[in-house]
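Enquirer: fold the following.
(one chain, ligands or ions: 2)
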Amino acid sequence: MAVMVTGGAGYIGSHMVLALVDAGRDVVVLDDLRAGFRWAVHPAAAFVEGDCGDEKLLARLIRQHGVTAIVHFAGSIVVPDSVVDPLGYYFNNTVKSRALIGAAVENGVRHFLFSSTAAVYGDAKESPIPETARLAPVSPYGTSKLMTEFMLRDTAAAHPLRYVALRYFNVAGADPARRSGQSSPRATHLIKVASQAAVGQRTHLDVFGTDYPTPDGTCLRDYIHVSDLARAHVLALDHLAAGGESAVLNCGYGRGYSVLEVIEAVKRVSGVEFPVRLAPRRAGDPAALVAGADRIRAVLGWKPEHDDLDAIVAHALAWERSLAERREAAE
Ligand SMILES: NC(=O)c1ccc[n+]([C@@H]2O[C@H](COP(=O)([O-])OP(=O)(O)OC[C@H]3O[C@@H](n4cnc5c(N)ncnc54)[C@H](O)[C@@H]3O)[C@@H](O)[C@H]2O)c1
Ligand SMILES: O=c1ccn([C@@H]2O[C@H](COP(=O)(O)OP(=O)(O)O[C@H]3O[C@H](CO)[C@@H](O)[C@H](O)[C@H]3O)[C@@H](O)[C@H]2O)c(=O)[nH]1
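Expert: Ligands and ions are numbered 1, 2, ... in the order given. Predicted coordinates:
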């Protein structure tokens, strides 16, 4: 009885592997390492380098490891890249998810968790955004994820498969024990980039847009700690194992911080005054994305442990320093 984690060498997937190993579960990771790191996978997990759309490989792994649940993180994640390369995004996110869901059905895997995103809402009219809000993605990335949600919905209606689609808001921070974190040097996420600036890995930080209809003119986002998110996935697996129904759940704390508030937090926690430049808006950024966060608590009994911006930033900074030490040791 093992859990298969696709994309388990990536940022969020590697934290899910930690949460599963900590819970005493058997884990097999499938990742093609296009964006992940072999060293980020906990040694207690089996690791297979391969494509999550490779049906033959999937059938073999499911049988070999006795996989009873699939947690699907693998995918392409950069919103502006999806605008430039929509077909690449539909291929890696939608077509390969179709193959993975098909492999689950054909090989008797009945529980499936899917990494969805707040990007399925597009420019939401409501804030906080409930799961029932209009689904109107404004990027191919968001559409590629929504199509996978629809495939899961329809497949679960036709076959004995139950699923939970988790719509993440902005994931940030790192494992408090410094076992993993956001490790991609080219990452574009605000807290990662600001942490890199604080430890001297970047010369400055750009604020993309100061004329949004928000209190200080910069975008509002709901930042969720990656370890709280991983724990929500473990609870979602428990929910399905206990016979719980399929569900679509926002993952956030229900509170928004502006870009300037985040930068202030990174400066305060690090004690470093890195240069900040005001820049034009970045294409495709909605003004505010804040989760309606009640449903996940009601359905999964999830209670966040790190709902504190300074703690999220402190963990992100600690991981950034670990990466710097790792680089120095390698030189
Ligand atoms: N980071 C966020 O804020 C955020 C927000 C919403 C949703 N998500 C979703 O969460 C998931 C994980 O995101 P992340 O931030 O950890 O990204 P990541 O890039 O760190 O991890 C993705 C992993 O998937 C692997 N991968 C990609 N395509 C693959 C394929 N075809 N076969 C096998 N492995 C493949 C990569 O090598 C990488 O290790 C993604 O599906 C993403 O869309 C992330
Ligand atoms: O150097 C930077 C980086 C970001 N931002 C701003 O910070 C905010 C947050 O940006 P970022 O951290 O890049 O996250 P988002 O663009 O909100 O997207 C993330 O969160 C979405 C869900 O809310 C997910 O779907 C995406 O996969 C994930 O990348 C936005 O207003 C950006 O314009 C800056 O001003 N400067």
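Enquirer: what about the residue nearest to Ala44 when sequence neighbours are not counted, how many residues nearby?
Expert: Using C-beta to C-beta, 6 or more residues apart in numbering and skipping residues adjacent in sequence, the residue nearest Ala44 is Val21, 4.7 Å away. C-betas here are computed from N, CA, C, even on glycine. Residues within reach of Val21, counting by other C-beta atoms under 10 Å, total 17.
Enquirer: pretty sure Ser322 is touching Ala177, no?
Expert: No. Using C-beta atoms under 8 Å, Ser322 is not in contact with Ala177, being 10.7 Å away.
Enquirer: tell me which of the two has more neighbours.
Expert: Ser322 (17 against 11).
Enquirer: tell me how far the one helix or strand Ile296 maps to is from the chain's mean position?
Expert: Using DSSP states H and E, Ile296 sits in helix 294-300. Centroid displacement of helix 294-300 relative to its chain, using C-alpha atoms, centre = their mean, to the nearest Å, is 18 Å.
Enquirer: pLDDT of that helix, averaged?
Expert: Mean per-residue pLDDT for helix 294-300: 98.
Enquirer: just checking, what packs against that helix?
Expert: Counting contacts by 3 or more C-beta pairs under 8 Å, 6 or more residues apart in numbering; DSSP states H and E, helix 294-300 packs against helix 226-241, strand 247-251.
Enquirer: the helix or strand following it near ligand 1 at all?
Expert: Remark: after helix 294-300, the chain's next helix or strand is helix 309-330, criterion DSSP H and E. No. Helix 309-330 stays clear of ligand 1 (C-beta under 6 Å from any ligand atom), getting no nearer than 12.2 Å.
Enquirer: contacts for helix 309-330?
Expert: Residues from elsewhere that reach helix 309-330, judged by C-beta atoms under 8 Å, 6 or more residues apart in numbering: 172-176, 178, 180-183, 191-192, 194-196, 198-199, 201, 223, 225, 257, 261-262, 265-266, 268-270, 306.
Enquirer: which ones among those lie within helices?
Expert: 191-192, 194-196, 198, 261-262, 265-266, 268-270 (DSSP state H).
Enquirer: could you flag which of those are buried?
Expert: 191-192, 194-196, 198, 262, 265-266, 269-270 (16 or more other C-beta atoms under 10 Å).
Enquirer: near ligand 1, list only the ones from the residues you listed.
Expert: Okay, of these, nothing touches ligand 1 (C-beta under 6 Å from any ligand atom).
Enquirer: three-state assignment of Cys52?
Expert: coil (DSSP: H, G, I helix; E, B strand; the rest coil).
Enquirer: off-centre distance for the helix or strand bottoming out on mean pLDDT in the chain?
Expert: When each helix and strand of the chain is scored by mean pLDDT, DSSP states H and E, helix 79-84 comes last, with a mean of 90. Computed by C-alpha atoms, centre = their mean, the chain-centroid distance of helix 79-84 equals 17 Å.
Enquirer: for that helix, buried residues please.
Expert: 79, 81-82.
Enquirer: what does stretch 287-297 give?
Expert: By neighbour count on 16+ other C-beta under 10 Å, the buried set for stretch 287-297 is 287-293, 295-296.
Enquirer: stretch 150-159 now?
Expert: Using 16+ other C-beta under 10 Å as the test for burial, stretch 150-159 gives 151-152, 155-156.
Enquirer: contact partners for the most centrally placed residue in the chain?
Expert: The centroid of the chain falls nearest to Ile12 when counting by C-alpha atoms, centre = their mean (5.1 Å). Going by C-beta under 8 Å, 6+ apart, Ile12 touches 73, 115, 168, 171, 226, 229-230.
Enquirer: verify the stated contact: Thr203 with Arg277.
Expert: No. The criterion here is C-beta under 8 Å, and Thr203 misses it with Arg277 at 10.0 Å.
Enquirer: flag every residue of the stretch 101-250 of the chain that's near ligand 1.
Expert: Counting by C-beta under 6 Å from any ligand atom, the residues of the stretch 101-250 of the chain near ligand 1 are 115, 117, 168, 170-171.
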